[in-house]
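Participant: What follows is a predicted structure for the sequence shown.
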Amino acid sequence: MSNSTPPSVTGLIDSVTGRPVRRHPDTGVRYVRKAGWSHFWGRTLDALVVMVVAGVLMGAVHAANQGFALGRLGTAMSASTGVYVAVMAAVWFVVVVAYGMIWGSVGSLGDVVAGMRSVRISDGRRSGAWRGGWRAFWWSFAPFYLLVAIAAAFEGSGGDTFDSRYTAVDLRSGLARGHDPVPDATAPRPAAPTRVA
């Protein structure tokens, strides 16, 4: 986990979703985190897109290797299982990092379908292409990410990754659509100052 500044809770709730309104500490901009299950399904769609694209490209590389179209690389792949596996792993990581770069700069297909945007908690900006690619690279080493995402969905969390510097913002919330938030009736109120006589 990182040493990030936690978002401030505002004592307001979204008028449409009823979820707490938070504030980016550096900019003061308010936002609503994405709910757990829709966040989970958006990230599941992202995983499926990566698997399908990587599978198609791996199949194309395999077919090109069978047709002797890869020259020396094809010969090395046919002669050594290790080279074959390394080439397929390279295809996988290139797809993961490329998708992460797209996700970090403009958003992913899962973001669009789930109505969310992954942003830095501190200021509300996207991670950017290079950091998005780097974050996606590390996802591929975390097969238990699915378990963490399911646990987060049960918790109702909008946590976007293992990195606590990012969160998924709900683009379908009332706040994102221009509706004013309402005071949270369940929020603790500061105690009134006592008078000394």
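Facilitator: Ah, there it is. Residues are numbered from 1 along each chain as shown.
Participant: what about D111, distance to R125?
Facilitator: Distance, D111 to R125, by Cβ to Cβ, to the nearest Å: 15 Å. For every residue, glycine as well, the C-beta is placed using N, CA and C.
Participant: okay, those two: which has more neighbours?
Facilitator: D111 (22 against 11; other Cβ atoms under 10 Å).
Participant: tell me which residues in stretch 43-59 are buried?
Facilitator: 43-47, 49-50, 53-54, 58 (16 or more other Cβ atoms under 10 Å).
Participant: actually stretch 29-42, not the one I wrote
Facilitator: 30-36, 38-40, 42.
Participant: Do me a favour and get the backbone dihedrals for the nearest residue to S105 once chain neighbours are set aside.
Facilitator: Nearest residue to S105, sequence neighbours excluded (Cβ to Cβ, 6 or more residues apart in numbering): A129, at 4.2 Å. Note on A129: its backbone torsions stand at phi -60, psi -50 [degrees, to the nearest 10].
Participant: again with V182
Facilitator: Per degrees, to the nearest 10, the backbone of V182 is at phi -120, psi 160.
Participant: pLDDT score assigned to it?
Facilitator: On the pLDDT scale, V182 is placed at 89.
Participant: That's all I had, so thanks and see you.
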